[in-house]
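# Please find the sequence and the predicted model below.
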Amino acid sequence: MLSREELERYARHIVLRDVGGPGQAALKNARVLVIGAGGLGAPVLFYLAAAGVGTLGIVDDDLVSLSNLQRQVVHTTADIGDAKVDSAAAAVARLNPHVVVERHAMRIAPDNAIALVSQYDLVIDGCDNFATRYLVSDACYFTRKPLVTGALGTFDAAITTLRAHERGADGEQNPTYRCLFPEPPPPGSIPACSEAGVLGALPGIAGSMMALEAIREIVGFGQGLVGRLLMIDTRSMRFETLSYGWDRNNPLSGEAPTIKDLSVHEGR
């Protein structure tokens, strides 16, 4: 049930034919877990909070540093040295006091991923490394949770949605992250953000689109990014979409799966 204040706050959603009162109620009842309160997580948190997602879980074990502020807009200069989950939670509270924030000041790992993911309806992964992306996507598969995942380059980004535990309208199994990227790149082949840099506004574009995709998933309208990889090139301001499908040889949901739990990630 939306209060009178909430009806006014979300009025521009409620008059949308594809959202309306039922869609806004779905947003209020939703529980979304955001992995990372950094460049991608910052706009995700802002826009999901503004949209009225009822509960936001934030997973991050890092502290705010001065070099974060060029792109991680959920934090401010006054927050330097604070835990990112605390800084992000405070920013969400200032924006929308109706949103409940659950802080997880930890790194997601094989021994806690299932328990964390299981508490939420949808997961958004804005981490900065391939090991965590594979871990989170596998955990979402085992817990049957939809996942919106994104990755940043220096001037480019990519976003997709995974419902690997389901079948599409054609009856075909939906693809996993491992269908899209069977193997992670060799260690050291892709420089970290601290080495290569990243255009500050790029995470804002990609993170906002991840929030939009999450809202679309919760409310249920339009064509999402299941089986499609959205690629953003800010050098040429070009957006392209690559279709991909289920790989019968993938080790997670293929015809002869070899990954039965998250133990494959231990020690990585």
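Right, received. Where do you want to start? Given the structure is predicted, the values throughout are model-derived calculations rather than measurements.

# Would you mind listing the buried residues in the helix or strand hosting residue 231?
According to DSSP states H and E, residue 231 maps onto strand 228-233. Neighbour-count burial for strand 228-233, counted by 16 or more other CB atoms under 10 Å, picks out 229, 230, 232. Any C-beta I mention is one placed from the backbone N, CA and C, and that applies to glycine too.

# same deal with stretch 133-145?
By 16+ other CB under 10 Å, the buried positions in stretch 133-145 come out as 133, 134, 135, 136, 137, 138, 139, 140, 141, 142, 143, 145.

# Is it correct that the fifth one falls within a strand?
It stands for residue 137. No. When classified by DSSP: H, G, I helix; E, B strand; the rest coil, residue 137 is found to be helix rather than part of a strand.

# State the distance from the closest residue to it other than its chain neighbours to residue 86.
Nearest-residue entry for residue 137: residue 177, 3.6 Å, with adjacent residues in sequence omitted and distances by CB to CB, 6 or more residues apart in numbering. With distances defined as CB to CB, to the nearest Å, the gap from residue 177 to residue 86 amounts to 30 Å.

# When these two are compared, which one has more neighbours?
Set residue 177 next to residue 86 and count neighbours by other CB atoms under 10 Å: residue 177 wins out with 23 against 19.

# isn't the more buried one right up against residue 132?
No. In terms of CB atoms under 8 Å, residue 177 does not count as a neighbour of residue 132; the distance is 11.3 Å.

# still on that earlier bit, tell me who's in contact with the residue nearest to residue 137.
Under the criterion of CB atoms under 8 Å, 6 or more residues apart in numbering, the contact list for residue 177 reads 133, 134, 137, 138, 147, 149, 162, 164.

# rerun that using 10 Å as the cut-off
The neighbours of residue 177, taking CB atoms under 10 Å, 6 or more residues apart in numbering as the test, are 125, 130, 133-134, 136-138, 140-141, 147, 149, 160, 162, 164, 250, 252.
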